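Trainee: Output the structure for:
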Amino acid sequence: LRRVVSARIAPSPLWRAQRMQCLSNPASIDTICDPHVHYWGVDTHAWLQDVLPGGPAHDSPYGRFAKVATPPFTPAEHARQLRPFAKLHKAVYIQANMHATTGSPVAETAYMQGLADSTGNPAGIIAWAPLNKPAEAGPVLDQHMKFKNFRGVRFMLDFHPTRPELNQTDSGAYMGDRQFQKGVGLLQQRGLVFDLQVCAVQLQEAARFAARFPDLQIVLNHAGFPLKGEFEPWKAGLAALAANRNVACKIGGLGAYDGGFDLAQARPHVLACLELFGVDRCMFSSNLPVDIVDWPLGTPAQRWATYLTIVTEAGYTRDDVRKLFHDNAVAIYRL
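Mentor: Reported below is the predicted structural model:
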């Protein structure tokens with residue numbers, strides 16, 4: 001009976017990853033650095049109130065966030081979600097449009113710095129600035145830089161010409177706009193990081209854009225949002241972007257707009273990122289709490305275990321694994 005039952009129950013990604021650690025990676029992962037998380041709540045990020053049932057945005061694509069709008073997503077909850085996989089050591093907060101509520105981009109950084117001072121995380125803060133208006137952006141950046149954990153800016157550029165539900169901005173023209181380029185140049189002048197978020201169809205343009213700023217550390221979010229059935233064009237765009245040595249890649253949020261990638265679907269995308277960028281320019285990320293909604297396949301800990309299964313089965317070394325799950329994020333974001 002035991003043999004029959006066990007044959008019918010597929011092992012979970014977490015079990016497989018832990019088994020792989022025991023067999024081929026004796027130095028199991030004790031701690032991780034998560035380079036992409038959003039600490040939020042309806043009190044601090046008031047736009048979340050609009051996505052709740054009865055709110056004006058509940059029936060929009062943003063309505064899906066109602067599931068994770070309450071209770072507040074905090075560093076403690078972040079650590080709890082990932083603890084079955086490993087202990088959370090450091091995290092990087094990625095801007096979540098708090099400025100749309102407060103009217104002040106710097107208020108988001110100030111709040112997150114206070115959170116870090118009291119809890120230990122986020123160890124790094126990626127905020128927002130009006131890079132499309134460089135005359136305004138410069139003073140905003142200087143204010144951000146007064147906070148010790150501030151590391152850079154994300155200005156979302158994802159724009160799809162035929163799938164508006166993928167859009168996080170109002171235009172696909174920013175990367176070619178001279179004013180925006182001037183604003184991004186302010187980051188390069190200050191030694192800051194630019195978190196690059198684009199759709200897969202924009203990767204070729206993003207490669208040309210990144211080439212304009214060879215001394216700017218650019219970090220691609222969510223591996224460029226690969227979509228199901230579009231592997232080859234996504235990989236070609238990723239290859240063009242990866243040719244810029246100043247660009248690193250966060251691997252996470254895979255299949256975010258397609259119900260998430262399971263292990264078999266995730267494997268070729270993860271391995272493509274590692275092939276093109278190399279181990280030293282890749283890092284795994286959670287995208288919590290967004291991925292609770294956008295990648296509903298298992299728990300957050302099981303998703304990280306999926307990544308570990310992929311890299312250990314592919315023969316990556318213990319040092320490689322340590323870099324991908326911790327050290328690279330610490331180095332790239334200077335934590």
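Trainee: helix or strand for the spatially most central residue of the chain, which one?
Mentor: Closest to where the C-alpha atoms of the chain average out (C-alpha atoms, centre = their mean) is His36, at 4.0 Å. For His36, the host element (DSSP states H and E) is strand 31-37.
Trainee: residues in contact with the helix or strand that that strand is followed by?
Mentor: Remark: after strand 31-37, the chain's next helix or strand is helix 75-82, criterion DSSP H and E. By C-beta atoms under 8 Å, 6 or more residues apart in numbering, the residues outside helix 75-82 that reach it are 32, 34, 37, 39, 71, 87-88, 91, 115, 119-122, 286, 288, 299-301, 304. Just so you know, the C-beta spots here come from the backbone N, C-alpha and C atoms, and that holds for glycine as well.
Trainee: repeat that with 7 Å
Mentor: Here helix 75-82 makes contact (C-beta atoms under 7 Å, 6 or more residues apart in numbering) with 32, 37, 39, 88, 91, 115, 119, 121, 286, 288, 300-301, 304.
Trainee: Export those to JSON lines and append columns for secondary structure, neighbour count and pLDDT.
Mentor: Listed next are the contacts of helix 75-82 as JSON lines, based on DSSP: H, G, I helix; E, B strand; the rest coil; neighbours: other C-beta atoms under 10 Å; pLDDT from 0 to 100:
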{"residue": "Ile32", "secondary structure": "strand", "neighbour count": "24", "pLDDT": "98"}
{"residue": "Val37", "secondary structure": "strand", "neighbour count": "27", "pLDDT": "98"}
{"residue": "Tyr39", "secondary structure": "coil", "neighbour count": "27", "pLDDT": "98"}
{"residue": "Leu88", "secondary structure": "strand", "neighbour count": "22", "pLDDT": "98"}
{"residue": "Ala91", "secondary structure": "strand", "neighbour count": "30", "pLDDT": "98"}
{"residue": "Leu115", "secondary structure": "helix", "neighbour count": "19", "pLDDT": "98"}
{"residue": "Thr119", "secondary structure": "helix", "neighbour count": "15", "pLDDT": "98"}
{"residue": "Asn121", "secondary structure": "coil", "neighbour count": "25", "pLDDT": "98"}
{"residue": "Ser286", "secondary structure": "coil", "neighbour count": "28", "pLDDT": "96"}
{"residue": "Leu288", "secondary structure": "strand", "neighbour count": "22", "pLDDT": "97"}
{"residue": "Pro300", "secondary structure": "helix", "neighbour count": "22", "pLDDT": "94"}
{"residue": "Ala301", "secondary structure": "helix", "neighbour count": "20", "pLDDT": "95"}
{"residue": "Trp304", "secondary structure": "helix", "neighbour count": "26", "pLDDT": "95"}
